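Participant: fold the following.
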Amino acid sequence: QVQLLESGGGLVQAGGSLRLSCAASGRTFSSYAMGWFRQAPGKERDFVATIRPSGSSTYYADSVKGRFTISRDNAKNTVYLQMNSLKPEDTALYYCAGARRLLATTTSDYEVWGQGTQVTVSS
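Facilitator: Presented below is the predicted three-dimensional model:
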């Protein structure tokens, strides 16, 4: 079973950038599609981005398309989320997750979850 640990969150001004990392333990990381989700206080957990096991294809929520980039390094068992042009509405707890289903966008498709890392964007 894969275990996930996110890092890289913090406080940033609007227009700034952050890079989130999600380190995975276990030998099967490269067989999982990986995704990023976020959850603001009092709101549901929303899909942000996903990447295929090989890294050959990605998919993004409309709200982050063109600003965020998901990538992975299977040799390092790590998936990343580069976030540029951040907005106050991007403020949330960001989670990485692993799925067997490719390009999945719903929380129920994901089997493994990290604990989350907080991103706060000030105006």
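Participant: measure Phe68 to Thr28 for me?
Facilitator: Distance of Phe68 to Thr28, given as CB to CB, to the nearest Å: 26 Å. For the C-beta atoms, the positions are set from N, CA and C on the backbone; glycine is no exception.
Participant: quick one: the strands in this protein?
Facilitator: Under the criterion DSSP state E, the chain contains strands at 3-7, 10-13, 18-25, 33-39, 45-51, 58-60, 68-73, 78-83, 92-99, 110-113, 117-122.
Participant: please convert those to a markdown table, extending it with mean pLDDT.
Facilitator: What follows is those, written out as a markdown table (pLDDT from 0 to 100):
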| stretch | mean pLDDT |
| --- | --- |
| strand 3-7 | 97 |
| strand 10-13 | 98 |
| strand 18-25 | 97 |
| strand 33-39 | 98 |
| strand 45-51 | 98 |
| strand 58-60 | 97 |
| strand 68-73 | 98 |
| strand 78-83 | 98 |
| strand 92-99 | 97 |
| strand 110-113 | 96 |
| strand 117-122 | 98 |
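Participant: mean neighbour count for these - can I get that in a markdown table?
Facilitator: As requested, these are arranged in a markdown table below (neighbours: other CB atoms under 10 Å):
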| stretch | mean neighbour count |
| --- | --- |
| strand 3-7 | 17 |
| strand 10-13 | 13 |
| strand 18-25 | 19 |
| strand 33-39 | 24 |
| strand 45-51 | 22 |
| strand 58-60 | 17 |
| strand 68-73 | 18 |
| strand 78-83 | 23 |
| strand 92-99 | 24 |
| strand 110-113 | 18 |
| strand 117-122 | 16 |
